[in-house]
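Asks: no letters, just coordinates:
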Ligand code: 3EB
């Protein structure tokens, strides 16, 4: 199966400015003028839009609505195709590769993860976009299994093995999120790649995840804390899943409000670090131009964190998704990730 016919690159002229736009709405909205859907994250159980190319059901549910769609729009042509199990959306500046496979238990998850990532990396390789800038990982029962047998740790091993096999070194790993669904769902990994250079960024307050000590598992989680991609005069800032971790240790176990504060402290520090690399105004990195996701282990905690998060992000509540999900360390109750577009209005 699969259609790997060569595609005509001239069909994807690079847009001159503001090529990307991100919206967060209950349903997939009408396509904005001159734009095409590159990727839509569906949070929730509704079936609407499921057949639209580029729409991916994450298996994660919103807390305040039934359904949410975070849509990434590209100003210019987008081509959708399938290569093996990989769904590919490609445009002049980016490629998205979506992999969804059947869930597996902790004992099989290392091999399933390694196989999925190998196929995904190979699929990225058939596009014109070799620099992977972001991964999103969603799967159920992330905390199932004890010690090194835990599904998340097995996932980390499989991912590390695939990266190793395909020559993706620690210093080049993209930003990422790895989050657990609270219900059964497919194992879903989404990659965003670009032909433009990716500048990854670490958080001076945190040990790089790929250098975590052995006590968090036999293979470290391979991701960077953040990164940015410049497309002409527009910058895309990608903030990885961020939690209440200082150094490599989880803070404030059992207190979601303090964990929220600590997570925002990390995001503030990370924003400054991204600004240094990206030459953008530090205030612009996480603000009203950001689309953020707040993952909460306990849905009822939303009231304790909502006002604080919105204040931090500059008071645009319509751009924040509150999602019920399991975080990869059991003592963590909140994790936040974000994408921000900075460019001329
Ligand atoms: C952490 O900082 C929290 O394994 O891809 C955040 C983002 C976390 C990505 C991943 C894990 C991952 O270690 C967990």
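Replies: Looks like it came in fine. Quick caveat: nothing in here was measured; it's all calculated off a predicted structure.

Asks: what sits against residue 110?
Replies: Taking C-beta atoms under 8 Å, 6 or more residues apart in numbering as the definition of contact, the neighbours of residue 110 are 154, 155, 157, 158, 161. For glycine as for every other residue, the C-beta is placed from the backbone atoms N, C-alpha and C.

Asks: 10 Å - rerun?
Replies: When contacts are counted by C-beta atoms under 10 Å, 6 or more residues apart in numbering, residue 110 is found next to 104, 151, 153-161, 218-219.

Asks: contact residues of the chain facing the ligand?
Replies: Of all the residues in the chain, those in contact range of the ligand (C-beta under 6 Å from any ligand atom) are 137, 176, 177, 178, 209, 221, 223, 240, 241, 243, 245, 328.

Asks: dump these into a markdown table; add neighbour count as well.
Replies: Formatted as a markdown table, the entries for the residues of the chain next to the ligand read as follows, by neighbours: other C-beta atoms under 10 Å:
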| residue | neighbour count |
| --- | --- |
| 137 | 26 |
| 176 | 24 |
| 177 | 23 |
| 178 | 23 |
| 209 | 24 |
| 221 | 22 |
| 223 | 25 |
| 240 | 28 |
| 241 | 25 |
| 243 | 23 |
| 245 | 22 |
| 328 | 24 |
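
Asks: what about residue 140, neighbour count?
Replies: Neighbours of residue 140 under the rule other C-beta atoms under 10 Å: 18.

Asks: buried set for stretch 250-261?
Replies: In terms of neighbour count (16 or more other C-beta atoms under 10 Å), stretch 250-261 has its buried residues at 250, 251, 252, 256, 259, 260, 261.

Asks: for those residues, which one is nearest residue 292?
Replies: residue 260 (12.5 Å; C-beta to C-beta).

Asks: out of the residues of the chain next to the ligand, which two sit at the greatest distance?
Replies: 137 and 245 (17.6 Å).

Asks: can you lay out the buried residues of stretch 250-261 as JSON lines showing secondary structure and pLDDT?
Replies: Putting the buried residues of stretch 250-261 into JSON lines (DSSP: H, G, I helix; E, B strand; the rest coil; pLDDT from 0 to 100) gives the following:
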{"residue": "250", "secondary structure": "strand", "pLDDT": "98"}
{"residue": "251", "secondary structure": "coil", "pLDDT": "98"}
{"residue": "252", "secondary structure": "coil", "pLDDT": "98"}
{"residue": "256", "secondary structure": "helix", "pLDDT": "98"}
{"residue": "259", "secondary structure": "helix", "pLDDT": "98"}
{"residue": "260", "secondary structure": "helix", "pLDDT": "98"}
{"residue": "261", "secondary structure": "helix", "pLDDT": "98"}
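
Asks: which of those residues lies closest to the ligand?
Replies: Ranking the buried residues of stretch 250-261 by separation from the ligand, with C-beta to the nearest ligand atom as the measure, puts residue 250 on top at 8.6 Å.

Asks: bridging residues for the closest one?
Replies: When bridges are called by DSSP bridges, residue 250 pairs up with residue 245.

Asks: any idea how far it lies from residue 327?
Replies: Taking C-beta to C-beta, to the nearest Å as the criterion, residue 250 is separated from residue 327 by 10 Å.

Asks: what is in contact with the two at once?
Replies: Joint contacts of residue 250 and residue 327 (C-beta under 10 Å, 6+ apart) are 243, 244, 259, 333.

Asks: quick one: the helices in the stretch 201-345 of the chain?
Replies: In order along the chain, the stretch 201-345 of the chain carries the following helices (DSSP state H, counting those that start in this stretch): 256-278, 282-285, 302-312.

Asks: these: lowest mean pLDDT?
Replies: Ranked by mean pLDDT, these end with helix 282-285 in last place, scoring a mean of 72.

Asks: just checking, what packs against that one?
Replies: Counting by 3 or more C-beta pairs under 10 Å, 6 or more residues apart in numbering; DSSP states H and E, the packing neighbours recorded for helix 282-285 are strand 234-242, helix 256-278, strand 334-342.

Asks: quick one: the first one to strand 334-342, angle?
Replies: In this structure, strand 234-242 runs at an angle of 170 degrees to strand 334-342, with axes from the mean of the first three to the mean of the last three C-alpha atoms, to 10 degrees as the basis.

Asks: what mean pLDDT does strand 234-242 have?
Replies: Taken as a whole, strand 234-242 carries a mean pLDDT of 96.
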